[in-house]
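Asks: Model the following, please.
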Amino acid sequence: MFTIGWFIVYKLPHLDRSAEAGMKYMYQDGSSEGWKAGVSLMNSTDSAVGRTVSQLYKFSQSQNVAYILYNDQPPHDTSNEVRGHTKGVILLDKESGYWLVHSTPRFPPSASSQYDWPSSAHNYGQTFICVTYPYLQFKEVGTQLLYNTITPYDFSVPDCFSGDLPDLKNAAMRAEVTSPPWNRQVTLTSAGGKTFVSFSKHARFGDDLYSGWVSEALKSDLCVQFWLNSRGILQSNCSLAYHTYDALNLSFDPAVTFSSHKDHSKWCVTWSDSPGWACVGDMNRDKEETQRGGGTVCTQDTTVWKSFKTLVMDYSKCQES
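Replies: As a prediction, the model looks like this:
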């Protein structure tokens, strides 16, 4: 039913005074050969994210469909609970489904509502990666969510799914891993045969996702875009075999240039085209998040790699000791 393939969306920051400012986005998938301007606006059901998430509101009442909405900053939530710093949407039937990983607080609305874009998410950049997987790949996805320690705010995993996908149901019930290892890497194969690698860490991993793990796993220096306005930012790190740099300024073209302080997105890219990885996820590089769950989804794809690498106009150099 859910034949989305895969796509990556980059919501642009509020950069001008037009009525559409803060709602424009860039888009890419397997046929776009890099970034292209998105169709419609982020708050429209005609946008890539809007069309995808709108399926939730259409099918959520069906006992033949399972879904989980999770966000460490759920819509209308006022609690101070601290779980994984992780955001996503899962929707599947018995044939296939999608896993949408993103960076946007208070999004999307619960399944009893309808598609909408939060007023709090206009000003800053955000990223989304959505991949359709065959049904049984959600065994692995469910396990990744146990490491992430997700905060589900709406879900339905009917009994007909629980036997095949126990970890998915357990994650929806706020279960988490209880013994080491505290991180897990898994290769996922999309419904179209493309491979992605999911990195998920638990709070007890106790280290930065990027410098403490992903750079070593991908055997490459990394440049990481994340929310530079958070507290306790981790500086670029050149003390390990593979270096990790913080992005500072980004540009799609001379007319669309912005500081990482205007960008709430979370992504990283290997410094060279060999191995040529790009990753989109939900974690920052700060001291607090070394002690929280979360992750990123990576693909080794020359076109995707180049599309992210060329965005980096400036980055933070390592401090000399």
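
Asks: Would you mind checking the average pLDDT for stretch 74-81?
Replies: For stretch 74-81, mean pLDDT rounds to 81.

Asks: do stretch 221-232 as well
Replies: 96.

Asks: list the buried ones in that stretch?
Replies: By 16 or more other C-beta atoms under 10 Å, the buried positions in stretch 221-232 come out as Asp221, Leu222, Cys223, Val224, Gln225, Phe226, Trp227, Leu228. For every residue, glycine as well, the C-beta is placed using N, CA and C.

Asks: what distance separates it from the centre of its chain?
Replies: Mean C-alpha position of stretch 221-232 versus that of the full chain (C-alpha atoms, centre = their mean, to the nearest Å) differs by 14 Å.

Asks: ok, now stretch 49-64?
Replies: On C-alpha atoms, centre = their mean, the centre of stretch 49-64 falls 19 Å from the chain's centre.

Asks: Need the residues that contact that stretch.
Replies: The contact list for stretch 49-64, computed with C-beta atoms under 8 Å, 6 or more residues apart in numbering, reads 1-2, 4, 9, 25, 40, 42-45, 65, 67, 69, 89, 91, 93-94, 98, 100, 102, 108, 111-115, 128, 130, 156, 158, 160.

Asks: Contacts only, for the closest residue in space to Gly232 that isn't next to it in sequence.
Replies: Of all residues not flanking Gly232 in the chain, Lys287 sits nearest, at 3.5 Å (C-beta to C-beta, 6 or more residues apart in numbering). With contact set as C-beta under 8 Å, 6+ apart, Lys287 has these partners: Arg231, Gly232, Leu234.

Asks: Sort out which one of those lies nearest Thr189 for me.
Replies: Of all these, Leu234 has the smallest distance to Thr189: 32.5 Å, by C-beta to C-beta.

Asks: can you count the residues close to the closest one?
Replies: For Leu234, the neighbour count with other C-beta atoms under 10 Å is 19.

Asks: dump the residue contacts of it.
Replies: Asp208, Ser211, Asp246, Arg285, Asp286, Lys287, Thr290.

Asks: Contacts only, for the fifth one.
Replies: When the contact criterion is C-beta under 8 Å, 6+ apart, the partners of Asp286 are Phe226, Ser230, Arg231, Gly232, Ile233, Leu234.

Asks: Quick check: the second one vs Lys306, distance?
Replies: Applying C-beta to C-beta, to the nearest Å, one obtains 28 Å for the distance of Ser230 from Lys306.

Asks: now swap in the fourth one and tell me
Replies: Going from Gly232 to Lys306 by C-beta to C-beta gives 32 Å.

Asks: same thing with the last one?
Replies: Distance of Leu234 to Lys306, given as C-beta to C-beta: 26 Å.

Asks: and if you look at the fifth one?
Replies: Look at Ile233 and Lys306: by C-beta to C-beta, they are 27 Å apart.

Asks: okay, now Ile8: neighbour count?
Replies: So Ile8, with other C-beta under 10 Å, has 24 neighbours.

Asks: Quick check: closest non-adjacent residue to His76.
Replies: Here the residue nearest His76, using C-beta to C-beta, 6+ apart, is Arg106, at 7.7 Å.

Asks: quick one: contacts for that neighbour?
Replies: By C-beta under 8 Å, 6+ apart, Arg106 lies in contact with Asn71, Gln73, Pro74, Pro75, His76, Asp77, Pro118, Ser120, Ala121.

Asks: Out of those, which end up buried?
Replies: Among those, those buried by neighbour count (16+ other C-beta under 10 Å) are Asn71, Pro74, Pro75, Ala121.

Asks: Test my guess that the last one contacts Pro108.
Replies: No. Judged on C-beta atoms under 8 Å, Ala121 makes no contact with Pro108 at a distance of 10.6 Å.

Asks: In contact with Arg204, which residues are there?
Replies: Arg204 neighbours (C-beta under 8 Å, 6+ apart): Pro180, Trp182.

Asks: Val101 versus that one, what's the distance?
Replies: Distance, Arg204 to Val101, using C-beta to C-beta: 21 Å.

Asks: coming back round to it: how close does the residue nearest to Gly232 sit to Gln73?
Replies: 19 Å.

Asks: Now do stretch 114-123: everything it contacts.
Replies: Taking C-beta under 8 Å, 6+ apart as the rule, stretch 114-123 contacts 11, 13-14, 21-23, 42-43, 45, 50, 53-54, 57, 75, 104-109, 262, 264.

Asks: 6 Å instead, please
Replies: Residues outside stretch 114-123 that contact it (C-beta atoms under 6 Å, 6 or more residues apart in numbering): 14, 22, 42-43, 45, 50, 53-54, 57, 104, 106-107, 109.

Asks: low-scoring stretches of the protein, by residue?
Replies: The model of the chain has pLDDT under 70 over residues 1-3, 320-321.

Asks: So which residues of this structure form helices?
Replies: Listed in chain order, the helices of the chain (DSSP state H) span 48-59, 138-148, 159-162, 166-172, 215-218, 302-309.

Asks: do you know which of the ones you listed lies nearest Leu250?
Replies: Ranking those by proximity to Leu250 (C-beta to C-beta) places helix 302-309 first, at 9.5 Å.
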